[in-house]
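# output the structure for:
(3 chains)
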Amino acid sequence: MEHLIWLVPAFPLGGVLINGLFGRRLGKGAVGFIGPGVVGAAFVVSLVLFLDLVGRAPEARQLTQTLYSWIAAGDFQANIGFLVDPLSATLMLVVTGVGFLIHVYSVGYMHDEDSAGFARYFTYLNLFTFAMLLLVMADNFLLLFVGWEGVGLCSYLLIGFWFKDRDNATAGKKAFIVNRVGDFGFLLGIFLIFGSFGSVAFADVFPTAASVLAPGGDLAFWICLFLFVGAVGKSAQIPLYVWLPDAMAGPTPVSALIHAATMVTAGVYMVARSHALYDLAPDVLAIVAGIGAATALYAATIGLVQTDIKKVLAYSTISQLGYMFLGVGVAAYAAGIFHLVTHAFFKALLFLGAGSVIHALHGEQDLRRMGGLKPIMPVTYWTMLAATLAIAGIPPLAGFFSKDEILWRAWDAGHPVLWALGFVTAGLTALYMFRLFFLTFHGPFRGTAEQRQHAHESPASMTVPLAVLGVLSVIGGWIGIPPAIGEFLGGVPNAIEAWLAPVFLSAHGEAGHAAEAHAVPPAEYALMAASVAVATLGILAARHLWLARPEVPQRIAARFQVPYTILRNKYWVDELYDALVVRPYNALSRFAWRIVDEGLIDGLLVGGTAKVVQMQSRAMSGWESGSIPTYVMVFFGGAIVILAYYLFG
Amino acid sequence: MSAYLSAILFFPILGALLLAGIPGANRTAIRQATLAISTIHFLIALPLWWLYDPTGAEYQFVERVDWIPSLGVQYYLGVDGVSVLLTLLTALLTPLAVLGSWRYIDRHVKEFHILLLVLTTGMLGVFFALDLFVFYVFWELMLVPMYFIIGVWGGEQRIYAAVKFFLYTFIGGLLMLVGILALYFQHERATGTFTTSLPDLLGASVPGELQLALFLAFAIAFAIKVPMFPFHTWLPDAHVQAPTAGSVILAGVLLKMGTFGFYRFAMPLFPEAARDALPWIAGLAVVGIIYGAMVALVQPNVKKLVAYSSVSHLGFVMLGLFALNATGVQGSVIQMINHGLSTGALFFICGMLYERRHTYDIEDFGGLSAVMPVFAVLFMIVTLSSIGLPGLNGFVGEFLILVGMFQTHPWMTGVATAGVILAAYYMLRMFQRVMFGPVDREANKGLTDLSGREIAILLPLVALIVWIGVYPAPFLARTEPSVERFVERVAGEGFEAPPDLVEIAPARGAESERENETRDGEETETP
Amino acid sequence: MSEIGVGHYITLSAVLFTIGAIGVLTRKNAIIVFMSIEIMLNAANLAFVTFATAIGDLGGMVMVLIVIAVAAAEAAVGLAIIVAMFRHRETVNIEAFSTMRG
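Below is the predicted model:
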């Protein structure tokens, strides 16, 4: 099966070339077929590889293919090579599967574009899929980094897809640059890895990690910390999350694919992939978990008061990513990946549903001008309901299992504070998500009459992906039923944990036993019940506040002016960064140009030298009277002096 | 002994003589003839790629004839892997530069093209010379045509820029001449023979203090050319004033002569001094990276922005050379080529903008993506290459440089890596202001997309940008033996990494071994 | 009356040279200055020939030929310049030309 691996990224790359070079001439029909088609083909190949892995013994579930030696200079060597193991196979299925659905959806969503724009859109989207596949399939850190930057590029291009609006282009640029800050850390991490291991290949680094790096040592600490800086940038965690809300300027399917389901989870994947290193750096794991939990709560509070439907979802994504980092931060890597998968289902669905609503209302994104759309858009309504329940953590939908697994593992690992943060966030999540849901679909319609007139359910190319994702949002969690519940269902195993176990089996074999059945402590049931209770409470509160008594939120806002203003303005973090980083840097740059370059170096040193020479020559030029007799006189005088010197000297 | 190098070297001059025979009024004929000559020249030089034996570290295609026997001066040419790449880059950029001047140059067309061809010979001579005297002759020879290209066909302040360019390089050249003479006499004192041949001079070592002085003389000459901070201020002026072809050649090839000079002369001739000066020069390179990026950010003029970005990029090249290991130096060599391609393409793009709007002010553009879609794609790829996006050429060079330098100077590398962020900031900001947003100026609404000629200019560059990014192996393979010999010569034996390396990034396995030892030691002690 | 010897020739040469030098120094007319320079050149020629004969070395003779050739070239160029100067300014007074003042 190894020889098929290259086909997975090759299909989207082919799509890029065809759509990019000939898309305009092919027309929208062909592009709309090729764009999703290549991703579908990649999905099929991924599925074949996945089934091949399933058919093997757990220890043998690893396929590799090396295409060629990419960079080899001195001691350094990096290949274009792929690794398919349970972890990357899972991600490949998510990327190509969810990606395919979103490509199909895009055909309907983007049908108003002209053929050039349409081709450009699918070129970028295919390129993104290609880069994301490189990222998850890479067998070394450098190729992972290629994918890492590649998805960042596509994110930049797609956020600024409607570049005629200056704000969109600015948002794209911001995303790229903030990501670059993270990539700076990632690069330093790679340098340190190469410096320590003499290689960047996973196969060289991970098996020897425990013998090369001292557990808890400085080197392990810095490597993991630098890599995590990269993850913080890409996965929009505190303090580098600021680009993601702005990224919503892109077309909505892009937000679903890149800024919810796949790209932003790359950081989680990378930490999980490098777990052999992180296991040696418990301090960094603590930082990961702490930042994850803090981000989860922080973003949820902002999401509570946003009025743009996509911004709410963006903050929700940041918050859910926080959960994933909380999971991997307490060394529950499988739980983090599990949440990544379920999140890909329901968050993609939420974005696509929101896109469907926006599409129906001709670009309206403000929750305050929506409402009462339930009868008009039944498919969107019911699928959104499934996704919202899933993200709120209501059993037996997908989000319940994955989120609860993370919370339980945080508690179990002895981090009650982190658990408490996650717990509060769970309640807030239910609250703000149902706020969004009620404001969109229930109550009276608050938009213009014209919007009401034209509101319509979306075409089949959009609703079918919604329905598929809806089903996945409902049943997707069943791949990770914890033993605590599984034993009541006749011993249903935690499939995903068992599936990923060979990958996360660390050198000292600790994570291995996680997959095995063990006695379920009563606390797990208590926590589970508490999570469900807090989620239900959140939903009821949302129903009370935004459905039954819509005037109450305003009263609360008026009553608690200060916290409300803080939240409305997102804690002024953007302004803070602007004042602390961007403006000083720009001012310093201007100083470097005007004062240092033009003033000091060019003006004083270079110009000064020229001035001195000029002054001297001006003084000397007095000798040059221009009068020929004077010259002759001096000439003779000189001749006589020289003569006299030789005769009498 | 083949005369292949001489053929490559003097073909442009012969072409220039041919050109002199065409009446000046027939501009099209002159342009076509120059294009033909430079294209044939490229085709003559191209087999070098295959004929050069990549496994050999020795100079190849050597030509050695006595020139001034009484002084020990020889006409002595030869190429190593690095020269081969730079030669091909030069030969490629010349016909493109002719194409790029097709409309831009409309006065004294004949003289311009003659100078361009003479310039080509001057540059190639620098890359071929294995004799310091020959090297110096070509070094000064290329100065003259460039001076006139800037001074005659340049912008409003062309005279100022041309004189500044000339004086800077010339002062450096004189310092180098003094260095060459001192080395020449020193060698005679040591061995009794007068020679200016590089391999012979490499054979004899120079005593410590004199070595440092001579190294500085060479280093300043080359640093001006690179240009390194703080010798860079001639560059923005020269670039902004020069015509498109001048800027392209200047950025693409002339700047490389500085780094090439370090690679072939300054560092191998004076290895101990180079090692002593390492922290200073590498430090200046890092300053240049950050400083160039900062100053580039606030430039209102596209061309000046690209010029300052060159300061930043060449900082990377210098940093790689002074990593003194094969990884870093290989990256540095690749980055020389990359910078020639990317920045050359960027200057062509500036020229295309100028031909349409007769301005370089970023303010005057905006939203061009909408009216010039093909241009937008090519410009985007070149911009990304300049930023160092993986998959394009810039990344390969920058990454190797940084990973190489990190092994010896982690802190410096850390600072230099920040240049990666800053590059994205200034380039994307410029790109966005020029290409995105609404088309809010009337004059921009009717702009035409690229013509076939303009696409023909950019396409080879973009193809190489992608090629080096995706499959750099053929380039790396050709330079590897040469670079390894360079590293062996300069780093030498007994070159030890500075102590801070040991603290942060111990040699692989070293720490664990040490840890194991101590742990073992403790265990045996405790009972 | 003693025979005419080296001393006489040299004295004549010195006199001629002095006359020329005084002429160059004191006269304002460019043509006269030019003629004075020619006198000085010929004084030098005379000295060359004298010593060449006295020592028996042909080098001096050769030098004279070179000087004559140079003087001829100089006369051509110099007179051309003077003519050009006259056309330009309608005078050949050397004090009138001071445009080379620094």
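# so how far is residue B:273 from the residue positioned nearest the centre of chain C?
Relative to the mean C-alpha position of chain C, the nearest C-alpha, by Cα atoms, centre = their mean, is the one of residue C:38, at 2.6 Å. Per Cβ to Cβ, to the nearest Å, residue C:38 is found 59 Å from residue B:273. In this view, the C-beta of every residue, glycine as well, is placed from N, C-alpha and C.
# before we move on, the earlier item: helix or strand for the residue nearest to the centre of chain C, which one?
helix C:30-55 (DSSP states H and E).
# now that helix: buried residues?
Neighbour-count burial for helix C:30-55, with 16 or more other Cβ atoms under 10 Å in any protein chain shown as criterion, is recorded at C:30, C:33-34, C:36-52.
# ok, stretch A:628-639 next?
In stretch A:628-639, counting by 16+ other Cβ under 10 Å, buried: A:628, A:629, A:632.
# so the closest residue to residue A:460 other than its chain neighbours, which state does it fall into?
Among residues not flanking residue A:460 along the chain, residue A:108 sits closest, at 7.7 Å (Cβ to Cβ, 6 or more residues apart in numbering or on different chains). Recorded secondary structure, residue A:108: helix (DSSP: H, G, I helix; E, B strand; the rest coil).
# in this structure residue A:108 contacts residue A:466, no?
No. Assessed by Cβ atoms under 8 Å, residue A:108 is found out of contact with residue A:466, at 10.5 Å.
# shared neighbours, those two?
residue A:458 (Cβ atoms under 8 Å, 6 or more residues apart in numbering or on different chains).
# do I have it right that the residue nearest to the centre of chain C meets residue C:78?
No. Using Cβ under 8 Å, residue C:38 is not in contact with residue C:78, being 9.4 Å away.
# could you give me the buried positions within stretch B:397-408?
Applying 16+ other Cβ under 10 Å to stretch B:397-408 flags B:397, B:398, B:399, B:400, B:401, B:402, B:403, B:404, B:405, B:406, B:407, B:408 as buried.
# swap that for stretch B:175-185, please
Neighbour-count burial for stretch B:175-185, counted by 16+ other Cβ under 10 Å, picks out B:175, B:176, B:177, B:179, B:180, B:183, B:184.
# and stretch A:35-46, by the same measure?
A:35, A:36, A:37, A:38, A:39, A:40, A:41, A:42, A:43, A:45, A:46.
# and stretch A:63-78, by the same measure?
Of the residues in stretch A:63-78, those with enough neighbours to count as buried (16+ other Cβ under 10 Å) are A:63, A:65, A:66, A:70, A:71, A:72, A:73, A:74, A:76, A:77, A:78.
# show me those that map onto strands.
By the criterion of DSSP state E, membership of the buried residues of stretch A:63-78 in strands covers A:63, A:65, A:66, A:70, A:71, A:72, A:73, A:76, A:77, A:78.
# regarding the nearest residue to the third one once chain neighbours are set aside, what is its secondary structure?
To tie it back to what came earlier, the one meant is residue A:66. Nearest residue to residue A:66, sequence neighbours excluded (Cβ to Cβ, 6+ apart): residue A:81, at 3.8 Å. Assigned by three-state DSSP, the conformation of residue A:81 is strand.
# who's in contact with residue A:81?
Contacts of residue A:81 (Cβ under 8 Å, 6+ apart): A:64, A:65, A:66, A:67, A:138, A:139, A:140, A:143, A:201.
# hang on, the earlier thing: for the buried residues of stretch A:35-46, which one is nearest residue B:340?
Set against residue B:340, the nearest of those by Cβ to Cβ is residue A:38 (35.3 Å).
# can you give me the neighbour number for the closest residue to chain C within the stretch 251-400 of chain B?
Residue of the stretch 251-400 of chain B nearest chain C, by Cβ to the nearest Cβ: residue B:254 (35.1 Å). Using other Cβ atoms under 10 Å in any protein chain shown, residue B:254 is surrounded by 24 other residues.
# did I read that right, it in a helix?
Yes. Per three-state DSSP, residue B:254 lies within a helix segment.
# still on that earlier bit, so how far is residue A:5 from the residue nearest to residue A:66?
Residue A:81 is 9 Å from residue A:5, where distance means Cβ to Cβ.
# and residue A:565, what element?
helix A:561-568.
# in that helix, what's buried?
Here helix A:561-568 shows A:564, A:567 as buried, counting by 16+ other Cβ under 10 Å.
# who's in contact with that helix?
Contacts of helix A:561-568 (Cβ under 8 Å, 6+ apart): A:301, A:302, A:304, A:305, A:556, A:557, A:572.
# just the buried ones from the residues you listed?
Using 16+ other Cβ under 10 Å, the buried ones in the contacts of helix A:561-568 are A:301, A:302, A:304, A:305.
# and the residue nearest to residue A:46 when sequence neighbours are not counted, what does it touch?
Distance criterion Cβ to Cβ, 6+ apart; nearest residue to residue A:46, sequence neighbours excluded, is residue A:92 at 4.2 Å. Contacts here follow Cβ under 8 Å, 6+ apart; on that basis residue A:92 touches A:8, A:46, A:49, A:50, A:84, A:133, A:136, A:137.
# tell me which entries of these lie within strands.
residue A:84.
# return the member of the contacts of residue A:92 nearest to residue B:457.
residue A:133 (34.0 Å).
# what pLDDT is listed against that closest one?
pLDDT, residue A:133: 94.
# look up how far residue B:77 lies from the residue nearest to it when sequence neighbours are not counted.
In this structure, residue A:133 finds its nearest non-sequential neighbour in residue A:9, 4.4 Å apart by Cβ to Cβ, 6+ apart. Distance of residue A:9 to residue B:77, computed by Cβ to Cβ: 46 Å.
# pLDDT below threshold where in chain C?
For chain C, the stretches flagged by pLDDT under 70 are C:1-2, C:100-102.
# how many residues are close by residue 28?
Reading this off chain A. 20.
# please refer instead to chain C.
The tally of other residues near residue C:28 (other Cβ under 10 Å) stands at 14.
# doesn't residue A:443 fall inside a helix?
No. Counting by three-state DSSP, residue A:443 falls outside a helix, being coil.
# so it touches residue A:545, yeah?
No. Counting by Cβ under 8 Å, residue A:443 does not reach residue A:545; the two are 11.7 Å apart.
# and the next helix or strand past the helix holding residue A:565?
Helix A:561-568 is succeeded, C-terminally, by helix A:573-577 (DSSP H and E).
# which strands and helices sit next to the helix of greatest length in chain C?
Ranked by number of residues, the top helix in chain C under DSSP state H is helix C:59-89. Using 3 or more Cβ pairs under 8 Å, 6 or more residues apart in numbering or on different chains; DSSP states H and E, the elements in contact with helix C:59-89 are helix C:30-55.
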